[in-house]
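# can't give you the sequence, but here's the structure:
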């Protein structure tokens, strides 16, 4: 293999830049040429790519986002779109493709390989940490620290006021950020899509009990896709005051919606190291003929899990940690 | 004056702890005894106060929130409530009171002085920086840096996606955080209550023009109390896609609501220094017989502005900075 | 087991507080009483301990350092010292002991168990990440991020000046922080005790080559215990200018010695989660009769490794990462 | 004036990028062309400059360092060097020059104006905050927050160990960072070049007294150019143990040398706003015929102070703050 390409696709995540850097420099070191494709699969279709040299990926290791940009490409979801993409790749003489992204991006790579025989390999890049075949995805650790910083700040003010606060994290289908952030932040309640066992009455009860037992604050973390969303909880909490007379203080609150700040920020040490290992490993696998799968770190070892297996299996959240948070944070 | 008390009131702000520390230690150094009152005016009424020694305020200079807690006290707004408060203060032999808080807190101190002749002095503690009589309030600089960090993170991801994002800052009546955050963060549009000159059509136009001219991202910062709120802007932006065909990418977005994280965090160097100078100065003024006003730093000098003057004058935002942001960030 | 004690010993590391919290609350939840021992083994000898309730460990999860303090205790290294310790423990009716610390601390626990039959269990708390029996130690991730932040900041200024800079990390016998920090920070040279293969001439050559190839900066990371220390490298770099005429700029530099700031700071999400799992797991093991070893996370599973095995085996640094850093950062 | 140039010179400081951005965009908005000169006066001599458009200064507002680079230029200190510089400027038709830097940089600008009549104007860019004619220099606030973060981290670990620690800040001739950092960080002793009144015996006495009175830690901040340097203090502290038997713990310590990390980092809100106001103001002054001086913010107003006056007057540190730190932090 003498020429490979690399692209980032789907939602960006912190650590994509160090991954691009590791892919590029490892390939160059192995004597390969590297093309960077801009704006994901859209750029593949529009032939928006250029040669990357050693220096082109200098000074990016500490940057959030992705220097190759990313975009949605409805066209690539059609066979005709992928046809165009493969023509462009062939025109450039590109023999292998590294894709950094989430499940959707992996599906695209899988289609290219299945339909056109192009060797592809994927890296898990998503803050939701919801990909099967790797213990951690690139970006999840940084996003988690962003969530945690927000919880810590809320607690400063919550403790001063004896108040309850709600924080909404990203995660339409994944409770990873909410669960781990809540556990590491010491949240009194955590609401995640995977475990819809908490009713709004439970939440209100947790708050009341916390204050009755003398806690100075109460923080509720809810994933974007939880069965109870931040707005609902906020509305309910805002009504506590009126109903109840046992407390001397108001429960009125306003939810913090973290939104896209969770995707930004300089990648953490963990994410840079993970991205570097995965990026370098992906190239080594690709050059040695191993492709058609997701490169991950599992039990500290680099692994390649076939696309089919990745897509067929959900990544299961560690329910024990949810139980642990109950033991440690409620009483 | 041999015994003074200190309390924090209203919304907390980062830097209240260093202020408490400076008040306490300066007073002790001057031979005074110091009482810390818990939960603001509510604690004054409930006689919830205790002696503070040098060590009691150790290890708090870097902490967000307020070790004395704060609370709303509807009762203190009545003459009867203030009567109770003054009785408690007299019972303890307290001859002077230092209040750290915003306009509402200052009103309370002013009433105590007017009705009962108790010498009081106030420190400006509010992240909104909207108090007349001081160039900067304690907490505004830290809150501004929190806003800025959020903008920086959003820009990482916005640039990777060519997307528009909205950030809502605190400020029901004050555009300080939104304006300064937007200026320091390079936001394409800033919406603040003081200058309601931007229509939703303007915002949409700014976004389109930004992308047409080749910008890779577009960030809109709106104060909580702006004439156009984050939700309205979000809804409008989400409709751009459908109407228009000129762009290859979606404008769908979800607003980030920073909320109370802006009140938290370790106080910045600026806020700690400001709080330290104001806290120390307040005690010196109080002991030298100067009271009944807000201690501020104006043009680098410590000043005391009478309560009446503070309450009669609005703090005017620097409109020139708003114009400057237009020159620097739109084109 | 109805009553257990917990202590922190040796150099502190960020995450000890969440570990104490998890130990305490898990034990209380299981119906056990918990004693916190102050200042490590010294406190055990001086009978400096007190009951910990649920609330006593509230508000510490985000704090660096250890609320139980830590100290060296030469006396505990003697059989007589340990005799006193065991008497105090028995006097309180304490049936099991959780020790959080490094290798030295573990040796102490092992001696207590061996000599007096007291069930003890250890948690790995050291920023050096040099303990056998766990993939990561509590504190290493936070310390690494502190190192990384320093490297990032140095690079800002180094790039503006075309200069070479040296950063000394902690690690008298362990190159973990220097290696991982250098890898994640993109350092041009990394010097660690485990791999003394770089001569001072090599370092100078790396610097010259970097600048000749057009790099705008050059960062060297050296562990405190590396065969070449920061001072030596600094002195040598400062002489480049005089010897050589090929560069238009000066090489004069001043090393940054990070020192003890690497032990401080709010624990990262990773360290809090690790500490929480280990702390909770340690209590479960102890109560279920499993003791006499180090609780670790290995390949995502909680394990207990017998003291003898921990002490007999060095934790080996991943030499492949050292090679990887050469491939990615030098050319 | 139709064409101006901008350069950064001397040691870099965080906020130079937002200053460059404000200069460029304000000038473009006024209908001027702007040239960016690379590597300071060296680039002026080597004709290393290029046109800057609106987008060229996009995405830099949050970056530390300076996109225009900076370098020392011994040649520019000679009349012949400046002659070359002026020829290059004239060749490009450049009619005015904006210089961002410290005293040395200002001297260079003053010489260009004095010898060749070129209108120049300077912005204060130095973390030492030691320039007369402005309340604050660009970069000082960010550097101060970096120092403070280090002090906070040291305190975490110092409190856990009952130990004394030393932190060396930048400042060969200026004690600004050490004084303000020590005040905001609650340091027990502060050593600065401006006030050489503390002997090594005093320092040792402060440490002993702190611990005797029950403090859990003791932090000493020393400027690089203080009469007692970090190494001297460290050596002396390391000897306390041997001499004295009153303490149960060791005083052995290792100084943290912050070094160049103080120049790096994303500029704070304060520095970005200051740089933006100064950069924009400098262009307005220059275009309106006002030049030959340092643009500063004094008492919240933009001012221009003639070069002679800037160079003739030292910036005096606020000695009252030094006294305040003694009152608040020692006892």
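Thanks, I have the structure now. Fair warning: this is a prediction, and the values are worked out from it, not measured in the lab. Numbering: from 1, shown residues only, chains lettered A, B, ... in the order given.

# okay, which residue is most central for chain A?
Nearest to the mean C-alpha position of chain A, by Cα atoms, centre = their mean, lies residue A:127 at 1.2 Å.

# Read off the pLDDT value for that one.
Residue A:127 is assigned a pLDDT of 97 by the prediction.

# So residue A:97 is in contact with residue A:90, correct?
No. Judged on Cβ atoms under 8 Å, residue A:97 makes no contact with residue A:90 at a distance of 11.6 Å. (Glycine included, C-beta is placed from N, CA and C.)

# Next up, the contacts around the spatially closest residue to residue A:259 that is not a sequence neighbour.
The spatially closest residue to residue A:259, leaving aside those adjacent along the chain, is residue B:256, at 3.6 Å (Cβ to Cβ, 6 or more residues apart in numbering or on different chains). Neighbouring residues of residue B:256 by Cβ atoms under 8 Å, 6 or more residues apart in numbering or on different chains: A:257-261, B:150, B:154, B:165-168.

# change it to 7 Å
Going by Cβ atoms under 7 Å, 6 or more residues apart in numbering or on different chains, residue B:256 touches A:257-261, B:150, B:154, B:167-168.

# And residue A:97 and residue A:90? Which one has more around it.
residue A:97 (26 against 12; other Cβ atoms under 10 Å in any protein chain shown).

# Verify the contact between that one and residue A:8 for me.
No. If you go by Cβ atoms under 7 Å, residue A:97 and residue A:8 don't touch, sitting 12.0 Å apart.

# quick revisit: secondary structure class for the residue nearest to the centre of chain A?
With DSSP: H, G, I helix; E, B strand; the rest coil as the basis, residue A:127 sits in coil.

# just residue A:294 next, same as before
strand.

# Residue A:124 is in contact with that one, correct?
Yes. At 6.1 Å, residue A:294 counts as touching residue A:124 under the criterion of Cβ under 7 Å.

# With neighbour numbers in mind, choose between those two.
Set residue A:294 next to residue A:124 and count neighbours by other Cβ under 10 Å: residue A:124 wins out with 34 against 28.

# got the residue ranges for the helices in the stretch 151-300 of chain A?
Along the stretch 151-300 of chain A, counting by DSSP state H, counting those that start in this stretch, helices occupy A:176-185, A:200-212, A:230-243, A:269-287.

# Now the third one: buried residues?
Right, the one you point to is helix A:230-243. A:230, A:232-234, A:236-237, A:240 (16 or more other Cβ atoms under 10 Å in any protein chain shown).

# Quick check, the residue in the stretch 201-331 of chain A closest to chain C?
Scanning the stretch 201-331 of chain A for proximity to chain C using Cβ to the nearest Cβ identifies residue A:299 as nearest, at 3.4 Å.

# neighbours of the residue lying closest to that residue once chain neighbours are set aside, just the number please.
Excluding the flanking residues, the one nearest residue A:299 by Cβ to Cβ, 6+ apart is residue C:299, at 3.4 Å. Number of residues near residue C:299 (other Cβ under 10 Å) recorded here: 11.

# per-residue confidence at residue C:299?
Note on residue C:299: pLDDT of 92.

# just residue A:331 next, same as before
Per-residue confidence (pLDDT) for residue A:331: 59.

# Between the helices of the stretch 151-300 of chain A, which has the poorest mean confidence score?
The minimum mean pLDDT among those belongs to helix A:230-243 (a mean of 81).

# still on that earlier bit, what residues are shared contacts of residue A:294 and residue A:124?
A:131, A:134.

# Pipe the contacts of residue B:256 into JSON lines and attach pLDDT per row.
Converted to JSON lines, these look like this (pLDDT from 0 to 100):
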{"residue": "A:257", "pLDDT": "96"}
{"residue": "A:258", "pLDDT": "97"}
{"residue": "A:259", "pLDDT": "95"}
{"residue": "A:260", "pLDDT": "95"}
{"residue": "A:261", "pLDDT": "96"}
{"residue": "B:150", "pLDDT": "98"}
{"residue": "B:154", "pLDDT": "95"}
{"residue": "B:167", "pLDDT": "97"}
{"residue": "B:168", "pLDDT": "97"}
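
# The host helix or strand of residue A:142 and chain B, any residue contact?
Following DSSP states H and E, the helix or strand that holds residue A:142 is helix A:140-161. Yes. Helix A:140-161 is in contact with chain B by Cβ under 7 Å from any Cβ of the partner chain, via A:150, A:152-154, A:156-157, A:159-161.

# do the same with stretch A:261-272
Yes. If you take Cβ under 7 Å from any Cβ as the test, stretch A:261-272 does meet chain B, through A:261, A:263-265.

# Which of these fall within strands?
With DSSP state E as the criterion, strands contain none of the residues of stretch A:261-272 next to chain B.

# got those residues as CSV, with neighbour count columns?
Listed next are these as CSV, based on neighbours: other Cβ atoms under 10 Å in any protein chain shown:
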residue, neighbour count
A:261, 28
A:263, 27
A:264, 27
A:265, 25
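
# Quick one: mean pLDDT over stretch A:57-69.
Averaged across stretch A:57-69, pLDDT comes to 96.
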